[in-house]
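**Q** sequence first, predicted coordinates after that:
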Amino acid sequence: MLGMHHELTHSVDRKFLSPNKNSLSEPDPEWEELNAPEFQYYGKDNFLQLPNVWHPLPGIMLAYGASLLGEDKAVFGALIMGWPATYNLLVQACQTDPFVAAKIRLTVSRWKQFWPFPSAENTEWKIRMAQSERDCR
């Protein structure tokens, strides 16, 4: 389930960025402002320097998210819509890490614009968006 939502987040990115550009490396100043000061993405080869643990750095939930801007966003999308256990780890992080909380709020905002689901209040999508907003204010 995490993989599906990870890839869906890349599709959402393509909607907000130029569809002809690579959403993994296309600049996104609004997202980049939400990183911890002086944070730099590690790149596809160097992110393995980070420990393979949950929340290895402020604002980063998985080491893979520290590789590229687009992967950072996709990790958040996957965790928001993922299994309850991984969602709970995300919520624990957002309650103590303002960078994580801000990234969740931006992800939810963009997803709601991407797929507003008018009149579908009881769908899993709407429920997760509302839950994420409540849990990570």
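**A** Thanks, I have the structure now. Residues are numbered from 1 along each chain as shown.
**Q** going by C-alpha atoms from here, please, whenever you check contacts or count neighbours.
**A** Fine.
**Q** tell me the contacts of residue 136?
**A** 91, 94, 95, 101, 104, 105 (CA atoms under 8 Å, 6 or more residues apart in numbering).
**Q** isn't residue 76 right up against residue 104?
**A** Yes - with contact defined as CA atoms under 8 Å, residue 76 reaches residue 104; the gap is 6.8 Å.
**Q** Produce a ChimeraX select command limited to the buried residues of the contacts of residue 136.
**A** Of the contacts of residue 136, the buried ones go into a single ChimeraX selection, burial set by 16 or more other CA atoms under 10 Å:
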select :91,94,101,104,105
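**Q** report back the residue of this protein that's furthest from centre.
**A** Most distant residue from the mean C-alpha position of the chain: residue 119, 25.3 Å away (CA atoms, centre = their mean).
**Q** which SS class is that residue?
**A** Put simply, residue 119 is coil when judged by DSSP: H, G, I helix; E, B strand; the rest coil.
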